[in-house]
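> quick one, structure for this:
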Amino acid sequence: MLDWKKLLSSERLKTGIDLAAGGAAVAEARPSAAASARTPFEADYGRVIFSAATRRLAGKTQVHPFSSVDYVHNRLTHSLEVSTVAYSLVRELDRFFVSEVGLDAGQTEAVAWIVRTAALAHDLGNPPYGHAGEFAIRQWAGGEGAASILPPDAAADFRLYDGNAQTFRLLSRSDLRDSSYFRLTLAALGAGVKYPFRIGSPEAEGAGKCAAFSSEAVAFDCAMSALGLKRGGGYVRHPLSYLVEAADDICYLLADMEDAIALHVLREGDVKRLVLRLFPDGMAAEMKLSEKSPVQFLRAMAIERLVHAFAAAFREKYGEIMDGVPVGPLDRNVDESTRAAMDDWRAQYKVVFKTPHKVVSEIGAYQEFSALFDKYAGLLGKVGTPYSGLDFLSRRLIDLAWSEEFYERHLAYPKSWWAHVVLDFVVGMTDSYMHNLVGALA
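So this is what the prediction gives:
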């Protein structure tokens, strides 16, 4: 059975590259510094909320790129909502954590901060243009040009690019704090791992998802081992990751429907009827909910209902979760009527995801990612050449992404390390910055 003392670890990873060992990745779990009145878990939240990477989420697509309607969610508003709902889930489970699990007041407070932080940070690794950006990276990496440029030990990370793995990279690493690496506590890292396997594993191949690139394989193993989540050659999920995932499911289903109304993709009456399905057997009438109720009010009531349902599912599956049994997402374990209502919502995504404006923007995303990677990946063949010996375009590309001093300081680092630093730069862009930059480079 999993151990909460390990699961709530406040240790942080010390990561880096061992140049003497040919550029091998290294990682070690170390105690958090105790130089503040804040707990390490509160400090985690501060690191995320005040970061440039989090601010840039305001310029990244949630579902609809370059929406002309300001009301529509972006990655930042979505992440803030997920963090809020995650906190509500923890509060709903407070009594359970104390009476059934045996956590004390300090531990329940830690749980609240851990879940809020992991939820706020869960999309930091998503590229511009949302999931279309992920597919664009994969397609570029699968082309002949990329095959001749990317170093073999980084190529798979590009071909199977996953925003979850990029998020773990940003949150776990400590070697480039000036490049928005966060070095969060192990507990926060574990709570954010939705897919507990590294790239290249059979599980990752089957799911098409992963929690860590090859560049973070050592760090991932170190973190999961310290948390007590390693099982033989594989790993199991942190119990709190189920709550972070549940909050994300609740928010994206309801928020995306609300956005679809604002963009005239779905009719308000149809959405209201879908939401009301969540309140069966006269419950809606008792709560005085109807199609005449404002959408925002229905959404608030729906969130409250779903928080109760997901918390109940967590309590029911708690024993299996603590035994490391993969129970699946909590939305598959809620009561039958709630699950049926959510399935009906998901059925509307074929309409939402095929709106002409969205499709056109995503086609453009493929071209923009290819244009940027063609130029920046070209730098990989010149790694090791002093800045002064580079051609004019290479120097300007370095100046734009980093600086001459940064480049010279890491001149001896392997090409695979530089490939991921390039990925950090491109993936960190907002939609508009990428669009304007590609236009300028054309």
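
> toward the C-terminus, what is the element adjacent to the helix or strand bottoming out on mean pLDDT in the chain?
None of the helices or strands of the chain scores lower by mean pLDDT, DSSP states H and E than helix 349-352, at a mean of 70. The helix or strand immediately downstream of helix 349-352 is helix 356-376, counting by DSSP states H and E.

> buried stuff in that following helix?
For helix 356-376, a neighbour-count test (16 or more other Cβ atoms under 10 Å) marks 358, 361-362, 364-366, 368-373, 375-376 as buried. All C-beta spots, glycine's among them, are computed from the backbone N, C-alpha and C.

> pLDDT and distance to W113 added to these, as JSON lines?
What follows is these, written out as JSON lines (pLDDT from 0 to 100; distance: Cβ to Cβ, whole Å):
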{"residue": "K358", "pLDDT": "68", "distance to W113": "36"}
{"residue": "S361", "pLDDT": "71", "distance to W113": "36"}
{"residue": "E362", "pLDDT": "72", "distance to W113": "36"}
{"residue": "G364", "pLDDT": "75", "distance to W113": "40"}
{"residue": "A365", "pLDDT": "79", "distance to W113": "35"}
{"residue": "Y366", "pLDDT": "84", "distance to W113": "39"}
{"residue": "E368", "pLDDT": "90", "distance to W113": "37"}
{"residue": "F369", "pLDDT": "90", "distance to W113": "35"}
{"residue": "S370", "pLDDT": "90", "distance to W113": "41"}
{"residue": "A371", "pLDDT": "90", "distance to W113": "41"}
{"residue": "L372", "pLDDT": "92", "distance to W113": "37"}
{"residue": "F373", "pLDDT": "91", "distance to W113": "37"}
{"residue": "K375", "pLDDT": "90", "distance to W113": "41"}
{"residue": "Y376", "pLDDT": "89", "distance to W113": "37"}
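
> so where's the stretch 1-150 of the chain uncertain?
Along the stretch 1-150 of the chain, segments meeting pLDDT under 70 span 34-35, 63-69, 71.

> now do 90
Along the stretch 1-150 of the chain, segments meeting pLDDT under 90 span 16, 18-25, 32-38, 60-74, 129-132, 143-149.

> which parts of it are strands?
Assigned by DSSP state E, counting those that start in this stretch, the strands in the stretch 1-150 of the chain fall at 12-18, 24-30.

> domains in this structure, by residue range?
The record, using automatic domain parsing to delimit domains, assigns the chain the ranges 4-47+72-130+162-237, 240-349.

> endpoint to endpoint, the first one covers what distance?
As for domain 4-47+72-130+162-237, its first-to-last residue distance stands at 13 Å under the measure Cα to Cα, to the nearest Å.

> of all the domains of the chain, which lies closest to L393?
Closest approach to L393 among these (Cβ to Cβ): domain 4-47+72-130+162-237, 22.2 Å.

> ok now the closest one, how far from the chain's centre?
Taking Cα atoms, centre = their mean, to the nearest Å, one finds the center of domain 4-47+72-130+162-237 at 10 Å from the center of the full chain.

> next: stretch 285-303.
In terms of Cα atoms, centre = their mean, the centre of stretch 285-303 is set 30 Å apart from its chain centre.

> same thing with stretch 144-153?
On the basis of Cα atoms, centre = their mean, stretch 144-153 sits 26 Å off its chain's mean C-alpha point.

> buried ones in the helix or strand containing R396?
R396 is part of helix 392-401 when elements are defined by DSSP H and E. In terms of neighbour count (16+ other Cβ under 10 Å), helix 392-401 has its buried residues at 394, 397-398, 401.

> can you pick out the most distant pair from the residues you listed?
Using Cβ to Cβ, the two most remote members of those are S394 and A401, lying 11.0 Å apart.

> correct me if wrong: S293 contacts R273.
No - contact criterion Cβ atoms under 8 Å: S293 and R273 do not qualify, at 11.6 Å.

> so in the protein, which helix runs the longest?
Secondary structure of the chain read by DSSP state H shows that its longest helix is helix 295-322.

> quick check, G133 in contact with P127.
Yes - in this structure G133 lies within contact range of P127 using Cβ under 8 Å: 3.3 Å.

> higher neighbour count, S293 and R273?
Taking neighbours as other Cβ atoms under 10 Å, S293 and R273 compare with S293 leading, 17 against 12.

> and the more buried one, that's in a strand?
No - read with DSSP: H, G, I helix; E, B strand; the rest coil, S293 is coil and lies in no strand.
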